[in-house]
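# Fold the stuff below for me.
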Amino acid sequence: MKTIMLVYSAGMSTSLLVSKMKAAADEKGVEADIFAISSSEATELLNKKSTDVLLLGPQVRFMKAQFEKETASKNIPVEVIDMRDYGLIDGLKVLNTALELIGE
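Numbering: from 1, shown residues only. Here you go, the predicted model:
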């Protein structure tokens, strides 16, 4: 089971993206726990929950360096979701990006 955390600022688009990613994972036969959390809650959850990859919504890309520092000791890859994929709510492309970052 892969755990994919998406970090957002305002959650409506991100929750739609999570739904599309879950559907894409089901179609691909990938077991994944995919969820979104606000940037203010992400740090605390990173300390409590095992996470394989951290994807940032384009609106919080300025926080990438901060999250890279927080995840460095845990070897959790951090990447900003492509703005086009995010805007189109392309769950398959974002899922594939996450899986590539994990090494799948």
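# What average pLDDT does the longest helix anywhere in the chain get?
When the chain is parsed with DSSP state H, its longest helix is helix 12-28. Mean pLDDT, computed over helix 12-28, is 93.
# And the helix-or-strand element of the chain with minimal mean pLDDT, how far out from the chain middle?
Ranked by mean pLDDT, DSSP states H and E, the helix or strand of the chain with the weakest confidence is helix 39-48, at a mean of 89. Distance, stretch centre to chain centre, for helix 39-48: 13 Å (C-alpha atoms, centre = their mean, to the nearest Å).
# And the following helix or strand past that helix, how far out from the chain middle?
Next helix or strand after helix 39-48 toward the C-terminus (DSSP states H and E): strand 53-56. Relative to the centre of its chain, strand 53-56 is centred 3 Å away, using C-alpha atoms, centre = their mean.
# right, and the helix or strand after strand 53-56?
Using DSSP H and E, the helix or strand that follows strand 53-56 in sequence is helix 64-71.
# Who are the packing partners of the helix or strand following that following helix?
The helix or strand immediately downstream of helix 64-71 is strand 78-80, counting by DSSP H and E. Judged by 3 or more C-beta pairs under 8 Å, 6 or more residues apart in numbering; DSSP states H and E, strand 78-80 is in contact with strand 53-56, helix 64-71. Any C-beta I mention is one placed from the backbone N, CA and C, and that applies to glycine too.
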